[in-house]
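1. coordinates for the following, if possible.
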Amino acid sequence: QVQLVESGGGLVQAGGSLRLSCAASGRSFSNDRMGWFRQIQGKEREFVSACSWSGGNTYYADSVKGRFTISRDNAKNTLYLQMNSLKPEDTAVYYCAAQATFTRAPVTSTNAYDYWGQGTQVTVSS
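-> Sure thing, here's the model as predicted:
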């Protein structure tokens, strides 16, 4: 059974930092693209960041560029998201996602990913 389990969320003041982790089990994703999305209640899930299988190619939403850094450790089958200079508008549930099959969907689309974690809450207070 494939599982993606996020951790590292929490409550932080504006300007602070958090590091999210996504541990994968049941399957290796070392050859697959992985990413992070976030969702505010009542709104669509939105793209945050993604990286290629090697981590060599990275993608960021304009809203987080320069503040967030995605990385991965394929030996540990784990994806990370370092979030710095957090803002109240970053408050959301953050989801890890993994692509396991070929798709022409863009990396920013939820349709590009086959597996999802359960999410971790990030709350940034002003």
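2. can you give me the strands for the protein?
-> 3-7, 10-13, 18-25, 34-39, 46-51, 58-60, 68-73, 78-83, 92-98, 115-116, 120-125 (DSSP state E).
3. list the contacts for the residue sitting nearest the centre point of the chain?
-> Nearest residue to the geometric centre of the chain (CA atoms, centre = their mean): residue 36, 1.9 Å. By CB atoms under 8 Å, 6 or more residues apart in numbering, the residues touching residue 36 are 20, 22, 48-50, 70, 79, 81, 94-97. (Glycine included, C-beta is placed from N, CA and C.)
4. about what we covered before: mean pLDDT and distance to residue 104 added to the strands of the chain, as CSV?
-> Below are those laid out as CSV (pLDDT from 0 to 100; distance: least, CB to CB, whole Å):
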stretch, mean pLDDT, distance to residue 104
strand 3-7, 96, 23
strand 10-13, 98, 36
strand 18-25, 96, 24
strand 34-39, 98, 16
strand 46-51, 97, 15
strand 58-60, 97, 16
strand 68-73, 96, 22
strand 78-83, 97, 22
strand 92-98, 98, 17
strand 115-116, 96, 18
strand 120-125, 98, 29
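5. Serialize the ones you listed to JSON lines and add fields for distance to residue 107.
-> JSON lines is the format used below for the strands of the chain (distance: least, CB to CB, whole Å):
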{"stretch": "strand 3-7", "distance to residue 107": "17"}
{"stretch": "strand 10-13", "distance to residue 107": "27"}
{"stretch": "strand 18-25", "distance to residue 107": "16"}
{"stretch": "strand 34-39", "distance to residue 107": "7"}
{"stretch": "strand 46-51", "distance to residue 107": "5"}
{"stretch": "strand 58-60", "distance to residue 107": "5"}
{"stretch": "strand 68-73", "distance to residue 107": "11"}
{"stretch": "strand 78-83", "distance to residue 107": "14"}
{"stretch": "strand 92-98", "distance to residue 107": "10"}
{"stretch": "strand 115-116", "distance to residue 107": "15"}
{"stretch": "strand 120-125", "distance to residue 107": "21"}
